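*Asks:* Here you go, sequence then predicted model.
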Amino acid sequence: METMKILPSANANEAVLVANTPSFIFKRLREDSVVRYIADTHSADDIASWFAHHSDVPKTAEELVLRYMYLVAISMKNATDIFRLIGQIPVDSFQWGKEISELAIARARPMTVIPIETNKPKPKSITSTGSTGIFVPDGNGFQLRWTK
């Protein structure tokens, strides 16, 4: 699962250590780049497994911040994974863990990803007085770009 040690970012530390509500922590950590990194590089099962090895009461501020970061990271996963795994996380071992897990469940949105093949238009080129213009798709039609 983890090839390098994850450390809390300054933003994560600040969010957790000055927070006065669980929703503040949840919102701020969902915007944190390290939490996004955890969500992007770890499967939901890996994140739940991380908690299996960190189920005791946090002894340091860093341990506490990491628990919040991993809990919020799992909230960025597919709703099916959130519903399946959130109950396995020992949220009672740290303040507001239960409330943040409830926020994760409340904000989970089921999603289905269906790849769609498209026939993207190919750029067409024209030549005029030594310059070449290429019609490039730009989302609203084509844009003419001249090159020499």
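*Replies:* Structure received.
*Asks:* any idea of the mean pLDDT for stretch 46-54?
*Replies:* The average pLDDT within stretch 46-54 is 89.
*Asks:* do stretch 72-92 as well
*Replies:* 89.
*Asks:* Report all helices and strands that the top helix by length along the chain contacts.
*Replies:* Determined from DSSP state H, the single longest helix within the chain is helix 61-74. Secondary-structure packing of helix 61-74 (3 or more CB pairs under 8 Å, 6 or more residues apart in numbering; DSSP states H and E): helix 10-18, helix 22-30, helix 33-41, helix 44-52, helix 79-85, helix 97-107. All C-beta spots, glycine's among them, are computed from the backbone N, C-alpha and C.
*Asks:* can we see that at 7 Å?
*Replies:* Counting contacts by 3 or more CB pairs under 7 Å, 6 or more residues apart in numbering; DSSP states H and E, helix 61-74 is packed against helix 10-18, helix 22-30, helix 33-41, helix 44-52, helix 97-107.
*Asks:* Dump those into TSV; add distance to Leu66 and mean neighbour count as well.
*Replies:* As requested, the helices and strands packed on helix 61-74 are exported to TSV (distance: least, CB to CB, whole Å; neighbours: other CB atoms under 10 Å):
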stretch	distance to Leu66	mean neighbour count
helix 10-18	9	17
helix 22-30	11	19
helix 33-41	9	17
helix 44-52	9	18
helix 97-107	12	17
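*Asks:* just so I know, which of the ones you listed lies nearest Lys77?
*Replies:* The closest of these to Lys77 is helix 44-52. By CB to CB, the value is 4.3 Å.
*Asks:* what does that closest one contact?
*Replies:* Helix 44-52 has contacts (CB atoms under 7 Å, 6 or more residues apart in numbering) with Met1, Tyr70, Ala73, Ile74, Lys77, Asp81, Leu85, Gln88, Ile89, Pro90.
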